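*Asks:* let me see the structure of the following:
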Amino acid sequence: MSDSFPQFLPVMSSESSHPKSPGMTVYVDSSPYPEVTGAHDPETVAMLKEDYAGVHGELTAITMYVYQDGRSTENETFANSVLQIAIVEMLHLDMLGDAIVALGGSPSFDDGQNYWTANNVNYTADFKEMLRTDISAESTAIANYEKHAALTKNQSVKALLERIIEDEKLHLRFFTETLSALD
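*Replies:* Residues are numbered from 1 along each chain as shown. Okay, here's the model as predicted:
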């Protein structure tokens, strides 16, 4: 695991005029993501669906961080950082969707029982409360990924979840350090 963050990645196209696109600060570990392979596995698919679009899944994290970006007009540095974290969460969502399909499932936006809803998102506008919510969300994501990695018999899924955990730890560290700097 790389211990430093963020990484700076240049934007592929210089034609963009969006103010946040001269380069991207990405809160992602530098190690590669493993590909998921395996036979039809409904039990593992059910766990991945929770991580994908459950109440505490990637879709909720993405939506919450994009909301926080929009609410953080007074703090452009935080807004940019949380938006870049949302982009990393989008990568996780995409990889989990691919894993779900590889194991015979459907990447629909549900946890296997309930469709995802915007009611899953915490819409606080208070900056410190946002950070506390983010810390809680990242801690929960890490715990869920650790539990699912321990429960699956598919070693490629286990490796993917363990790799995603490394990114989530960076996000948790960012939010924790940001909150600590305010106190």
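*Asks:* ranges for the helices of the protein?
*Replies:* Listed from the start of the chain, the chain has helices (DSSP state H) covering 42-53, 58-71, 76-102, 127-151, 155-182.
*Asks:* read off the pLDDT value for the residue nearest the centre of the chain.
*Replies:* The centroid of the chain falls nearest to residue 89 when counting by Cα atoms, centre = their mean (2.8 Å). Looking at residue 89, its pLDDT stands at 97.
*Asks:* just checking, it touches residue 64?
*Replies:* No: using Cβ atoms under 8 Å, residue 89 makes no contact with residue 64, being 9.2 Å away. From N, CA and C alone the C-beta is placed, and that goes for glycine too.
*Asks:* compare the helices of the chain and give me the one nearest residue 116.
*Replies:* The minimum distance between residue 116 and the helices of the chain falls on helix 42-53, with 4.3 Å, by Cβ to Cβ.
*Asks:* what residues of the closest one count as buried?
*Replies:* Applying a neighbour-count criterion of 16 or more other Cβ atoms under 10 Å, one finds 44-45, 47-53 buried in helix 42-53.
*Asks:* residues contacting residue 147?
*Replies:* By Cβ atoms under 8 Å, 6 or more residues apart in numbering, residue 147 lies in contact with nothing.
*Asks:* pLDDT below threshold where in the protein?
*Replies:* Scanning the chain for pLDDT under 70 picks out 1-26.
*Asks:* try 80
*Replies:* Applying pLDDT under 80 to the chain flags residues 1-27, 29.
*Asks:* list the contacts for the residue nearest to residue 138 when sequence neighbours are not counted?
*Replies:* Nearest non-adjacent residue to residue 138, counting by Cβ to Cβ, 6 or more residues apart in numbering: residue 172, 3.9 Å away. Residue 172 is in contact with 135, 138-139, 142, counting by Cβ under 8 Å, 6+ apart.
*Asks:* if we can go back for a sec, what sits against the residue nearest to the centre of the chain?
*Replies:* The contact partners of residue 89, taken as Cβ under 8 Å, 6+ apart, are 58, 61-62, 65.
*Asks:* likewise for residue 79?
*Replies:* Residue 79 makes contact with 68-70, 72-73 under the criterion Cβ under 8 Å, 6+ apart.
*Asks:* with distance to residue 82 and neighbour count as new columns, can these be given to me in TSV?
*Replies:* Listed next are the contacts of residue 79 as TSV, based on distance: Cβ to Cβ, whole Å; neighbours: other Cβ atoms under 10 Å:
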residue	distance to residue 82	neighbour count
68	5	27
69	5	20
70	10	11
72	7	19
73	12	8
